[in-house]
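> make a model of this:
(one chain, ligands or ions: 1)
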Amino acid sequence: GSRRCSAKATQPFKVTFVEEATGNRTEVAVDPATFPLGHIGLEGSVLDIADGAGVEINHTCGGVCACSTCHVYVQQGGGSCSRATDNEEDELDKAPAVSPDSRLACQCVPNGTQDLIVLIPRWNRNEVKEGH
Ligand code: FES
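Residues are numbered from 1 along each chain as shown. Down below sits the predicted model:
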């Protein structure tokens with residue numbers, strides 16, 4: 001099939017991950033020259049960036065938009081991210097507590113024009129512990 005061309009970042013930017021469960025904040029300086037990072041999800045996606053920086057976000061389906069476990073809230077900078085596809089919207093419908101900031105981390109590709117703040121919801125952690 002045809003692959004939608006996402007507007008990948010061409011300039012350095014910053015992503016701050018906030019873990020709701022612990023309050024931990026991790027600031028990641030993203031340099032597109034180092035893509036792909038964690039080799040997971042879309043290249044340069046929030047999940048890719050998190051994985052490359054050692055920040056854990058669930059990704060049960062392996063980053064191919066077939067689950068909703070990588071659900072995060074993009075609290076700032078969402079306007080600089082690739083728009084959600086119908087596929088992503090469908091998967092997000094299955095996630096708990098969806099808000100206008102909700103995205104699937106593996107499908108959300110920032111273009112680098114804004115810094116991001118990404119909230120990792122508490123239940124993401126719970127699922128890891130319970131091993132679902
Ligand atoms: Fe499954 Fe993102 S990891 S949809």
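
> where does the protein dip in pLDDT?
Low-confidence segments of the chain, defined by pLDDT under 70, span residues 1-7, 125-132.

> could you pull out the strands for it?
Listed in chain order, the strands found in the chain under DSSP state E are 13-19, 25-30, 71-76, 102-104, 116-120.

> the longest one pairs with which strands, parallel or anti?
In other words, strand 13-19. The strands that strand 13-19 pairs with in its sheet are strand 25-30 (antiparallel), strand 116-120 (parallel) (by DSSP bridges).

> quick check: the nearest residue to E20 once chain neighbours are set aside vs the ligand, distance?
For E20, the nearest residue in space outside its immediate sequence neighbours is R122; the separation is 4.4 Å by CB to CB, 6 or more residues apart in numbering. Where C-beta positions appear, they are placed from N, C-alpha and C, glycine not excepted. Between R122 and the ligand the distance, using CB to the nearest ligand atom, to the nearest Å, works out to 18 Å.

> likewise for F13?
Note on F13: its distance to the ligand, by CB to the nearest ligand atom, is 21 Å.

> quick one: the residue nearest to that residue when sequence neighbours are not counted from C67, how far?
Nearest non-adjacent residue to F13, counting by CB to CB, 6+ apart: G112, 4.5 Å away. Here the distance between G112 and C67 works out to 27 Å (CB to CB, to the nearest Å).

> quick one, which of those two is more surrounded?
With other CB atoms under 10 Å as the criterion, G112 and C67 differ in neighbour count, and G112 comes out ahead with 21 against 18.

> now do the same end-to-end measure for stretch 72-92.
Looking at stretch 72-92, the gap from its leading to its trailing residue is 10 Å under the measure CA to CA, to the nearest Å.

> what's opposite R103 in the beta bridge?
V72.

> my guess is C67 meets C61, correct?
Yes. Under the criterion of CB atoms under 8 Å, C67 lies in contact with C61, with a separation of 3.9 Å.

> can you list the residues of this structure near the ligand?
Within the chain, the positions near the ligand by CB under 6 Å from any ligand atom are H59, T60, C61, G63, C65, A66, C67, T69, C70, E91, L104, C106.

> wait, which of the strands of the chain is closest to G44?
Counting by CB to CB, G44 lies closest to strand 25-30 out of these; the figure is 8.0 Å.
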